[in-house]
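>>> quick check, what structure comes out for this input:
(chains A and B)
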Amino acid sequence: MHKLLLIIQREFITKVRSKAYLVLIFLSPILMIGMFSAIFYFASKEESSKDKTVSILAVTNSEIVKDLQKTHPNIQLESTSNRSYAIAKALVDEKKYNGLVYTNSEWTVLEVYGDEKVPKQDFKKILDKHWKRHYLSQHQINPKVIETIVQESPVKIQNMDNSKETVQKWVKGTIAIGAGYIVMMFVIIYGNSVMRSIIEEKNSRVIEIMVCTVKPFQLMLGKIIGNALAGLLQFFIWGVLLLGGLFLIDTFLPATEGVDVEKINLIFQTLWEINYLQIVIVFIIFFLSGYLLYSSFYASIGAAVSSETDTQQFVHPILLPLMFAVYIGIVTVVNGNPNGETAMLFSFIPFTSPVIMLMRIPFGVPLWQILVSLALLLVTFIATVFVASKIYRIGILTYGNKPSIKQLFKWVFQKN
Amino acid sequence: MQENILSIDSLQKRYQKNVALNSISLQIPKGSVYGLIGQNGAGKTTLIRILNKIIDIDSGTIHFNGQPIRQEDVQKIGYLPEERGLYKNMTIEEQAMYFGQLKGMTKKESKLQLDYWLNRFDISDWKKKKIQDLSKGMAQKVQFIITVLHQPELLILDEPFSGFDPINANLIASEIKQLAKNGTTVIFSSHRMESVAEMCDHVCLIHQGTILLDGTITDIQKKHAQAVFEINLFEYNDAALELFLTNTEYTVAIKHQDDENVQLEVLPNQDVSDNLLTEVLKIGSLHLYKQYIPSLQEIFIKTIENA
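Next up, the predicted model:
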């Protein structure tokens, strides 16, 4: 036990002291925030300048033109009344304009034509209104009546006040996807770290001294646990930074001008309502179990090969279920069905459950499901650690060509 | 009777179809410097790994200090593998603390021992240096210190001089001798016969998993000493020499002859060579009379060739 603690301590200190770790902790959140800000910035810029690049040829009367301009002031509108329909349409086909609004003087042809940039539904409404007005006036209807009819009817569709629900769904979804994604990232980063550490020990031949001092299983476990602790520390620091950041935003943002205070307050109300203790506990348990499961594979790969370049072939099969889990999780969360059959099924399968169960947690998961998923995960973890330790103890003292999958299977049953 | 630190009996180890050690038995006396010799793949590393409990045996027994060897006994062994290696990004001090504690020492003991050895090698200022900043030879020295830090009862050294320049090799050799003098048993695995002959009092030759030779160097040489005598005579008598050459009790070859000097190689036809000295004294004044003792290298090569 004392030896195991020493190994854990060394692994933890070596990991935490490395520059790569510090960069990962402090630089990657900045990079991520920067990246998302850039995405939002360009997306909003795109939105505001959307109409500016749209040109419309309006072959219609001046009243309609006026209405068109009123509803879409940014659109470049060129109006004329003396073009035939065929010529006007040909101009749009030649891409001189994005679209065409056409009415003839007899009110028999009313058409909106154009590409995807043209707000056709809006234009159709305008033409509808003018056609109705023309039709009714032709039938000697009182102009006052006409004006009342062509205006929007007093019928109103009143949405249920679900803005709170929408915000909650959005906030929980973000937390769910974020948690699942972070677990996947942590498993990959720290699993790789275990693998690299073993390859380094093997290459520097320090392994020979280590295995005559401690049992290979102890060494493997020490590495896995040491790296897990470094991972938890990173998670803790990120958690503190994130909550601190949110607190600052909550305190100072509503005081800023031009901010929808009500919406911001609702977001923060939802954020502070979430049971973080449950999320953190479940995160730690599922992250550790998932990480232990996957890192034992990473450890056996590290032991089996002699250089990092040889690891590719073996690492891919490990990455697939993790990525699959993230995609399935995102799809179920976005579709608003995080407690549906698909999500439930994959939150029981041990290779996907660490990611998907975490994504479901913010939406409320029955305790029995968490426990069953965890039990299955732990049983699988014990089995994989057993297999991994068999490969590990043979692999660490085997140098030369990388072994085939068949050889790895042989190692599992080989006597030491 | 001399006490043995290690007694190995009928030790067998196979790797799938290959026999690595074929029922070997040997005794390693306490306080001896025991040479383990053999070609690559002979089974030396397998034996060393078994002693270190890195790999299991198929059958046979190993006794350490008279008791069946246990995992805890590995704490009393210091092992310097042929392929050296330490953690590159740790300082010498951190490294010593880590390995010392893994071998059951306290932090304080590890520190004291490290200081002792650094002083002994006159490299105290290296303490805070990382292994990656040291030259290969310097790192080898640190590796030796790490191996002996916990004052092991049994020291297993695999090619301890490889990578050392002659001056440092001598330094390490004298430290090994000193450790042996203080009671540490040393298993010395090497291909270099001259260093084995210089360092060891016992040797064991392993070939294809079998022990071909085992014993003290003197005994082995005595056993393989041929009954051939080298004789140099000065101011010899021609007639007496002629007579000796015709003596049927000996097969004689003249290696060199001039007016004053004759060098002979004499093989007695019977086992008894008691009269040989009396006989040659009749020929002339004796300058050299010596039984031919083959070197360890010659003995080993011949033994392996005949195996």
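>>> please make it C-alpha for all contacts and neighbour counts, starting now.
Will do.
>>> assumed B:Q12 was part of a strand.
Yes. Counting by DSSP: H, G, I helix; E, B strand; the rest coil, B:Q12 falls inside a strand.
>>> how many neighbours does it have?
Using other C-alpha atoms under 10 Å in any protein chain shown, B:Q12 has 20 other residues around it.
>>> residues contacting it?
B:V19, B:A20, B:L21, B:N22, B:S23, B:I24, B:I57, B:D58, B:S59, B:G60 (C-alpha atoms under 8 Å, 6 or more residues apart in numbering or on different chains).
>>> try it again with 10 Å
B:Q12 sits next to B:19-25, B:47, B:57-61, B:209-210 when contact means C-alpha atoms under 10 Å, 6 or more residues apart in numbering or on different chains.
>>> if we check chain A, which of those are in contact?
B:I57, B:D58 (C-alpha under 10 Å from any C-alpha of the partner chain).
>>> pop the domain breakdown of chain B in here.
B:4-223, B:227-291 (automatic domain parsing).
>>> and B:I54, helix, strand or coil?
Put simply, B:I54 is coil when judged by three-state DSSP.
>>> quick one: it from A:I207, how far?
Between B:I54 and A:I207 the computed distance is 11 Å (C-alpha to C-alpha, to the nearest Å).
>>> center of chain A, which residue is that?
Chain A has A:I177 as the residue nearest its centroid, 5.4 Å off, counting by C-alpha atoms, centre = their mean.
>>> so which strand or helix has that one?
helix A:163-203 (DSSP states H and E).
>>> could you pull up the mean pLDDT of that helix?
Confidence for helix A:163-203, expressed as mean pLDDT, is 84.
>>> next SSE downstream of that helix?
By DSSP H and E, the next helix or strand past helix A:163-203 is helix A:206-211.
>>> is there proximity between that following helix and chain B?
Yes. Shown here: helix A:206-211 in contact with chain B (C-alpha under 10 Å from any C-alpha) through A:V206, A:I207, A:E208, A:I209, A:M210, A:V211.
>>> so the first one makes contact with B:L86?
Read it as A:V206. Yes. If you go by C-alpha atoms under 10 Å, A:V206 and B:L86 touch, sitting 5.0 Å apart.
>>> between these two, which one's more packed in?
B:L86 (24 against 19).
>>> let me know the secondary structure of the more buried one.
coil.
>>> report pLDDT for it.
So, for B:L86, pLDDT stands at 87.
>>> got a list of what it touches?
Contacts of B:L86 (C-alpha under 10 Å, 6+ apart): A:201, A:204-210, B:92, B:95, B:131-132, B:139-140, B:142-143, B:146.
>>> let's go with 6 Å and repeat that
Shown in contact with B:L86 (C-alpha atoms under 6 Å, 6 or more residues apart in numbering or on different chains): A:V206.
>>> need the phi and psi values for it.
The phi/psi pair for B:L86 (degrees, to the nearest 10) reads phi -140, psi 170.
>>> for it, give its distance to A:E308.
Taking C-alpha to C-alpha, one finds B:L86 at 19 Å from A:E308.
>>> re earlier: make JSON lines out of the residues of helix A:206-211 next to chain B and add distance to A:L100 and pLDDT.
JSON lines is the format used below for the residues of helix A:206-211 next to chain B (distance: C-alpha to C-alpha, whole Å; pLDDT from 0 to 100):
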{"residue": "A:V206", "distance to A:L100": "77", "pLDDT": "84"}
{"residue": "A:I207", "distance to A:L100": "76", "pLDDT": "84"}
{"residue": "A:E208", "distance to A:L100": "80", "pLDDT": "82"}
{"residue": "A:I209", "distance to A:L100": "81", "pLDDT": "84"}
{"residue": "A:M210", "distance to A:L100": "79", "pLDDT": "86"}
{"residue": "A:V211", "distance to A:L100": "80", "pLDDT": "82"}
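>>> can you give me the strands in the chain?
Using chain A. A:55-59, A:76-80, A:99-103, A:110-114 (DSSP state E).
>>> sorry, should have said chain B
Listed in chain order (using DSSP E), the strands of chain B are B:4-15, B:18-29, B:33-37, B:59-64, B:67-68, B:77-80, B:154-158, B:185-190, B:202-207, B:210-216, B:229-234, B:250-257, B:261-268, B:285-291.
>>> dump these into JSON lines; add mean pLDDT as well.
Shown next, in JSON lines, are these (pLDDT from 0 to 100):
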{"stretch": "strand B:4-15", "mean pLDDT": "89"}
{"stretch": "strand B:18-29", "mean pLDDT": "89"}
{"stretch": "strand B:33-37", "mean pLDDT": "91"}
{"stretch": "strand B:59-64", "mean pLDDT": "92"}
{"stretch": "strand B:67-68", "mean pLDDT": "92"}
{"stretch": "strand B:77-80", "mean pLDDT": "90"}
{"stretch": "strand B:154-158", "mean pLDDT": "91"}
{"stretch": "strand B:185-190", "mean pLDDT": "90"}
{"stretch": "strand B:202-207", "mean pLDDT": "89"}
{"stretch": "strand B:210-216", "mean pLDDT": "87"}
{"stretch": "strand B:229-234", "mean pLDDT": "89"}
{"stretch": "strand B:250-257", "mean pLDDT": "87"}
{"stretch": "strand B:261-268", "mean pLDDT": "87"}
{"stretch": "strand B:285-291", "mean pLDDT": "87"}
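>>> straight-line length of stretch B:241-254, end to end?
10 Å.
>>> just the buried residues of that stretch, please?
With burial defined by 16 or more other C-alpha atoms under 10 Å in any protein chain shown, the residues of stretch B:241-254 counted as buried are B:L241, B:F244, B:L245, B:E249, B:Y250, B:V252.
>>> what's the answer for stretch B:276-293, then?
By 16+ other C-alpha under 10 Å, the buried positions in stretch B:276-293 come out as B:L276, B:V280, B:I283, B:G284, B:L286, B:Y289, B:Q291, B:I293.
>>> same question for stretch B:113-129.
B:Q113, B:L114, B:D115, B:W117, B:L118, B:F121, B:W126, B:K127.
>>> next up, the contacts around residue 5.
Since you didn't name a chain, this refers to chain A. Taking C-alpha under 6 Å, 6+ apart as the definition, A:L5 has no contacts.
>>> look at chain B instead
In this structure, B:I5 makes contact with B:I28, B:P29, B:K30, B:F64, B:N65, judged by C-alpha under 6 Å, 6+ apart.
>>> wait, the fourth one touches B:L6, no?
If I follow you right, that is B:F64. Yes. Using C-alpha atoms under 6 Å, B:F64 is in contact with B:L6, at 4.8 Å.
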